[in-house]
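Student: quick check, what structure comes out for this input:
(2 chains)
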Amino acid sequence: MEFSLNSPILFIIVGAILLLVTAQSVFFLVRAWKAGVEMGISKTKLRKTVISSAIFTIAPAVSILMGVIVLSKKLGLALPWLRLSVIGALTYELTAAENAANAAGTSLSDSATAVNGEQFLNIAIVMTLGIIVGLVLVPILCKRIQGGMDKMKKKDTKWGEIVTNALFMGMVSAFLGLIFCDISTGLSGWIKVFVMLVSAVCMALMGLLMKITKWQWLNDYALPICMLIGMASAIPITNWIG
Amino acid sequence: MKKRPYEEQIHIDGRVWGAIAGVAICAFPLLVAIIYQLKPDWGVVLKGLIGVAPIFWTVGLIEVFTYIPMLGAGSSYLAFVTGNITNLKAPCAMNAMENAEVKPGSKEGEIISTIAVATSSIVTILIIALGVLMIVPLTPVLESPTLTPAFDNILPALFGALGVVYISRNWKLAIAPVSVMLAIYIILPMLGVQGLDGLVGIFVPVGAIIAIAVARVLYKKGKI
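Tutor: Numbers count the residues shown, from 1 in each chain, chains lettered A, B, ... in the order given. Sure, this is the predicted structure:
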């Protein structure tokens, strides 16, 4: 069969893999829901978690879709569709694809020439193996790591909770730092900082609003609303100082 | 047959589904090779892997140790299959646990986090699938110069809002890691160090270790 980047057979394979991963997600959702009900968590709380998580996901998912569009110009649609729907993240997939394309003697920016079958295969293997480590290690280490955390919490519950909070803080602090990494490039490097500030002020105002009005329902939507306002603010901010 | 408790069963389910998903994901290049009768050039593959594996295998290893205690078992098994952990699944789970007023690492936290990550995974797969179906009309809209800045700034918008919640609640824990990270990300680019955005996965545990060290001192002194 002659190779084509957008051959229907590639879409069928990707569709089948994604159906399987969706089935896994549904399985975990149902299992956790049932366990939650048995544990005494109210169905309202579980339903709210589903709805707010779904709303929260929309904007980031659309930005991931933009990554699919970027990669599709060189690699066709099927491979980027698969890669950005499972395992990886945009930063990884773009780097991996560019590295693999360079090794195969081409470049992602050269969208005028399509990759041939062999180049496509080499790129697909590099993108698959380059980030396989998490998928392999989690089944081996998850129970042990959780066991360690449980032991720590049994020994000293408060300290166990502080460690979990500290891990969250590690993630938040690294990403807050990242926002400042372009400020030495001039005023345009501050765009991310201003967007972050708009979003932060919005969240603080939401907190205040919830306190004053006692609108607890707002709690479930505050983060996605502030994220969208922050993203929207990037448009005039970029126009002014970009 | 006696029913296993959730916290035991989830490890069995996670391993089985992880193995199935792993085989399925690796099957893509294999099927391409079989169907089109292509042979990989292992020299090219090795050259490509040398460019990405040292960094991303290290990041992957670090992420396993960082995110499992944060997210819990069920959501970790799922998040490491469905990906986009730092930019989507972990913040989504954090937000869900915060809203549901459950503690990360508790039994309730495990349930809420798993439901959040599963929902987020399903919605992401659906949105990307819809986007792929509608790629022709969507491309000019998503790539329009008007909308591009909004999507370029999704992480600042997300972590600005998230930062307010977590820093205001744990400000004593936050001061040291946030200061160090700001110093790293402001000073190193001034010294000509480039590509720091790709290393954020490595800086997450650095921030966490600093926060844990400070927390230990404060805890021993009875200040937190």
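
Student: from now on I want contacts and neighbour counts done on CA atoms only, so please keep to that.
Tutor: Fine.

Student: so how far is chain A from residue B:134?
Tutor: From residue B:134 over to chain A the distance is 11 Å, taken as CA to the nearest CA, to the nearest Å.

Student: what residue ranges in the chain score low on pLDDT?
Tutor: You didn't pick a chain, so chain A it is. The model of chain A has pLDDT under 70 over residues A:242.

Student: oops, I was thinking of chain B
Tutor: If you take pLDDT under 70 as the line, chain B has these spans: B:1.

Student: dead centre of it: give me the residue that sits there.
Tutor: residue B:85 (1.7 Å; CA atoms, centre = their mean).

Student: could you find the closest non-adjacent residue to that one?
Tutor: residue B:79 (6.2 Å; CA to CA, 6 or more residues apart in numbering or on different chains).

Student: residues in contact with the helix or strand that the one you found is a member of?
Tutor: When elements are assigned from DSSP states H and E, residue B:79 belongs to helix B:73-82. Contacts to helix B:73-82, defined as CA atoms under 8 Å, 6 or more residues apart in numbering or on different chains, come from residues A:21, A:24-25, A:28, A:85-88, A:134-135, A:138-139, A:142-143, A:146, B:10-11, B:14-15, B:18, B:21-22, B:67-68, B:85, B:89, B:110-111, B:113-115, B:117-118, B:121.

Student: try it again with 6 Å
Tutor: A:86-87, A:135, B:14, B:68, B:114, B:117 (CA atoms under 6 Å, 6 or more residues apart in numbering or on different chains).

Student: quick check: residue A:142 vs chain B, distance?
Tutor: 6 Å.

Student: same check on residue A:170?
Tutor: 4 Å.

Student: SS state for that residue?
Tutor: Under DSSP: H, G, I helix; E, B strand; the rest coil, the three-state class of residue A:170 is helix.

Student: wait, doesn't it sit right on residue B:210?
Tutor: No: using CA atoms under 6 Å, residue A:170 is not in contact with residue B:210; the gap is 7.8 Å.

Student: those two - which one has more neighbours?
Tutor: Using other CA atoms under 10 Å in any protein chain shown as the criterion, residue A:170 and residue B:210 rank with residue A:170 on top: 28 against 21.

Student: so what's the more buried one up against?
Tutor: Taking CA under 6 Å, 6+ apart as the test, what residue A:170 contacts is B:204, B:207-208.

Student: before we move on, back to that, give the next helix or strand downstream of the helix holding residue B:79.
Tutor: In N-to-C order, the element after helix B:73-82 by DSSP H and E is helix B:90-99.

Student: hmm, who's touching that next one?
Tutor: Contacts for helix B:90-99 (CA under 6 Å, 6+ apart): A:49, B:113, B:116.

Student: the same query, at a cut-off of 8 Å, please.
Tutor: A:49, A:52-53, A:56-57, A:219-220, A:223, B:67, B:71, B:103-104, B:109, B:112-114, B:116-117, B:120, B:162.

Student: what does stretch A:198-214 give?
Tutor: By CA under 8 Å, 6+ apart, stretch A:198-214 touches A:215-216, A:218-219, A:222-223, A:226-227, A:229-230, A:233, B:156-158, B:160-165.

Student: distance of the most centrally placed residue in chain A from chain B?
Tutor: Centroid check for chain A by CA atoms, centre = their mean gives residue A:89 as the closest residue, at 6.1 Å. Distance of residue A:89 to chain B, computed by CA to the nearest CA: 5 Å.

Student: hmm, that residue is touching residue B:83, no?
Tutor: Yes: contact criterion CA atoms under 8 Å: residue A:89 and residue B:83 qualify, at 6.1 Å.

Student: now for those two: what residues contact both?
Tutor: What both residue A:89 and residue B:83 touch, as defined by CA under 8 Å, 6+ apart, is an empty set.

Student: give the helix, strand or coil label for residue 37.
Tutor: No chain was given, so I picked chain A. Applying three-state DSSP: residue A:37 is helix.

Student: um, chain B though
Tutor: Residue B:37, by the three-state scheme (three-state DSSP), is coil.
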